[in-house]
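Peer 1: pasted the sequence and its predicted model underneath.
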Amino acid sequence: MKVTVKQLSDDEINKMGIKKWPVWTKEVSEFDWFYDSQEQCLFLEGKVTVKTENGDVNIGKGDFVTFPKGLKCTWKVIEPVKKHYNFD
């Protein structure tokens with residue numbers, strides 16, 4: 001299971017309606033997580049390292065991330081996070 005990270009254009013963000021998605025925030029912390037459904041999110045602020053069985057994934061402001069269903073990981077929040085998110 002692979003976490004994908006990419007950049008989206010403003011046009012892509014608008015077409016996907018991302019700015020209408022809910023917002024999630026998290027302080028500096030570390031926690032285990034399991035995805036029982038796919039999540040897509042756009043990081044507005046912050047910096048995290050997500051530790052997976054396939055290696056670490058570094059995520060920051062402006063990154064559009066897809067976390068696959070079934071992923072087990074550990075989130076290490078390095079700088080407080082603010083993101084738009086959507087679960088499928």
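Peer 2: Right, received. Where do you want to start?

Peer 1: tell me where this protein has strands.
Peer 2: For the chain, the strands defined by DSSP state E occupy 4-7, 23-26, 29-34, 39-52, 55-60, 63-67, 72-87.

Peer 1: so for stretch 2-13, what gets flagged as buried?
Peer 2: Val3 (16 or more other CB atoms under 10 Å). Where you see a C-beta, it was placed from the backbone N, CA and C, and this is true even at glycine.

Peer 1: before we move on, what about stretch 48-58?
Peer 2: Buried positions in stretch 48-58, judged by neighbour count with 16+ other CB under 10 Å: 48-52, 57.

Peer 1: now the strands of the chain as a markdown table including distance to Lys15 and mean pLDDT?
Peer 2: Below are the strands of the chain laid out as a markdown table (distance: least, CB to CB, whole Å; pLDDT from 0 to 100):
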| stretch | distance to Lys15 | mean pLDDT |
| --- | --- | --- |
| strand 4-7 | 15 | 97 |
| strand 23-26 | 19 | 98 |
| strand 29-34 | 28 | 98 |
| strand 39-52 | 13 | 98 |
| strand 55-60 | 22 | 97 |
| strand 63-67 | 13 | 98 |
| strand 72-87 | 14 | 98 |
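
Peer 1: from His84, how far off is the residue of the chain positioned farthest from its centre?
Peer 2: Residue farthest from the centre of the chain, counting by CA atoms, centre = their mean, is Asp11 at 19.6 Å. Distance, Asp11 to His84, using CB to CB, to the nearest Å: 16 Å.

Peer 1: same thing with Gly60?
Peer 2: Distance of Gly60 to His84, given as CB to CB: 15 Å.
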